[in-house]
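Peer 1: quick check, what structure comes out for this input:
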Amino acid sequence: MNRSVRCPVAATLQLVGDRWTLLIVRDLLRGRRRFNELRESVEGIPPAVLASRLRALESAAIVQRRLYQDRPRRFEYRLTPRGHALGVVVGALADWGQRYAEADLTLVDGECGHGISVVYHCPTCAREAPRRRVRIVGREQARLPGRERQPTLPE
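Peer 2: Okay, here's the model as predicted:
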């Protein structure tokens with residue numbers, strides 16, 4: 001039986017795993033909305049590549065394009081709720097980068113200014129899940145909300 005398994009990491013990378021996409025998302029999360037703002041803030045991105053990535057993000061329903069000027073036609077880009085959910089991915093990359101790569105920036109809590117880190121959290125049990133306990137498993141093995149595990153009967 002040759003069955004293809006869709007890994008969530010591989011599926012996510014297919015959508016946002018190229019060289020520039022998460023940097024674009026990072027800057028949209030930081031409040032940049034217009035093409036020129038993104039072109040200036042995303043380090044070294046060619047304009048044609050930026051346009052291509054924004055179209056791909058729009059077709060994946062991660063970004064929504066809105067007209068803000070009619071003549072000449074100019075658009076701004078905003079993250080959809082699906083796009084905002086990538087914030088935790090960008091945060092996890094930033095957390096790793098500030099620990100293990102050469103980086104000048106750090107994640108902080110905007111209210112208190114203290115450094116923060118990204119953690120796994122079980123919303124059902126309302127507790128943190130240490131990385132050593134986190135596993136990627138098939139959906140049939142997971143106890144997903146609204147789907148309680150049925151006891152298995154001996155064959």
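Peer 1: show residues contacting the lowest-mean-pLDDT helix or strand in the chain.
Peer 2: Across the helices and strands of the chain, mean confidence by mean pLDDT, DSSP states H and E is lowest for strand 121-122: a mean of 88. With contact meaning Cβ atoms under 8 Å, 6 or more residues apart in numbering, strand 121-122 is reached by Arg127, Glu128, Ala129. Every residue, glycine included, has its C-beta placed from N, CA and C.
Peer 1: which residues in the chain form strands?
Peer 2: For the chain, the strands defined by DSSP state E occupy 63-69, 74-79, 121-122, 127-128.
Peer 1: and those: which comes nearest Gly31?
Peer 2: Gly31 lies closest to strand 74-79 among these, at 10.2 Å (Cβ to Cβ).
Peer 1: rewinding a little: the least confident helix or strand of the chain: partners in the sheet, and parallel or antiparallel?
Peer 2: The strands that strand 121-122 pairs with in its sheet are strand 127-128 (antiparallel) (by DSSP bridges).
Peer 1: just to revisit the earlier point, which of the strands of the chain sits most buried?
Peer 2: strand 74-79 (a mean of 16; mean count of other Cβ atoms under 10 Å).
Peer 1: using CSV, list the CA coordinates for it.
Peer 2: Provided in CSV are the C-alpha atoms of strand 74-79 (Å, rounded to 0.1, in the frame of the first residue of the first chain):
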residue,chain,number,x,y,z
ARG,A,74,-2.2,51.4,-6.1
PHE,A,75,-2.9,48.6,-3.6
GLU,A,76,-2.2,47.9,0.0
TYR,A,77,-1.8,44.4,1.4
ARG,A,78,-3.3,43.1,4.6
LEU,A,79,-3.0,39.8,6.3
